[in-house]
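**Student:** Sharing a model prediction with you, sequence too.
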Amino acid sequence: MKIESVRELNKLKAAGEKLLFPGSIRIQVGASRCGLARGAREVIAAFEKELKAQELEGSVIKVGCIGMCYAEPLVEIIMPGMPKLTYGGITADMVPALVKSLAKGKAQKKNLLYRTGEEMLMVNGKAFTMICITVYITLL
C-alpha cells in the first residue's frame, strides 16, 4: 500500500485508532506462558463474567506477553477519555472490585503498576503528542 497524501495517512490513523480504542472498555490480559501459569485464564473468565454482571459494555482480550513476568497476571485497561491503566498480580477474586471502580470511572490504586496517558505539546505553533507515564510502586 502506497500512501500518497497526508489525508490518506490521517484516514489510516483514524481507522487504526478505532481498532485500538473502540469507544468502550477494552481489557487486555497477558496470557502468554507466564501469565497462564499464574492464573490468566481465571482472570479472563472473571472479567467476562463481571462485565456482564455489572452490565458494562466492553471486551476482554487475551494478549501475549506484556512484560514484567514477575507481576503476572498483567491486565491493561483502556477506557475512552482515560489513560491506559496497567495492573499486576491480579487474581480472579480481585476482578469484581476492579470492574466496579471502572464503572465509576475511577482507577483503583490497589495493584496499579502504572498509567499511560497522552498530552499535546505545542512547540512553535506545532502540536506534538507526548506519551506520559506515571509509575506507581506497589508491593505485589
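**Tutor:** Now that the structure is in, tell me what you want to look at. Numbering: from 1, shown residues only.

**Student:** where in the protein is pLDDT low?
**Tutor:** Filtered on pLDDT under 70, the chain yields the residue ranges 20-22, 118-140.

**Student:** where along it do the helices fall?
**Tutor:** Per DSSP state H, the chain carries helices over the ranges 6-20, 33-37, 40-53, 95-103.

**Student:** buried sites along the second one?
**Tutor:** This points to helix 33-37. Buried residues in helix 33-37, counted by 16 or more other Cβ atoms under 10 Å: 34-36. The C-beta positions use only the backbone N, C-alpha and C, and glycine is treated the same way.

**Student:** As TSV, the residues you listed with distance to A103 would be great.
**Tutor:** Shown next, in TSV, are these (distance: Cβ to Cβ, whole Å):
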residue	distance to A103
C34	29
G35	25
L36	27
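
**Student:** of these, closest to V60?
**Tutor:** G35 (13.3 Å; Cβ to Cβ).

**Student:** so how far is R41 from the closest one?
**Tutor:** Distance, G35 to R41, using Cβ to Cβ, to the nearest Å: 9 Å.

**Student:** Could you report the neighbour count for M94?
**Tutor:** Neighbour count for M94, taken as other Cβ atoms under 10 Å: 17.

**Student:** Kindly apply the preceding question to K62 instead.
**Tutor:** By other Cβ under 10 Å, the residues close to K62 number 14.

**Student:** That one against I44, yeah?
**Tutor:** Yes: the pair K62 / I44 is scored as a contact, 6.0 Å apart, by Cβ atoms under 8 Å.
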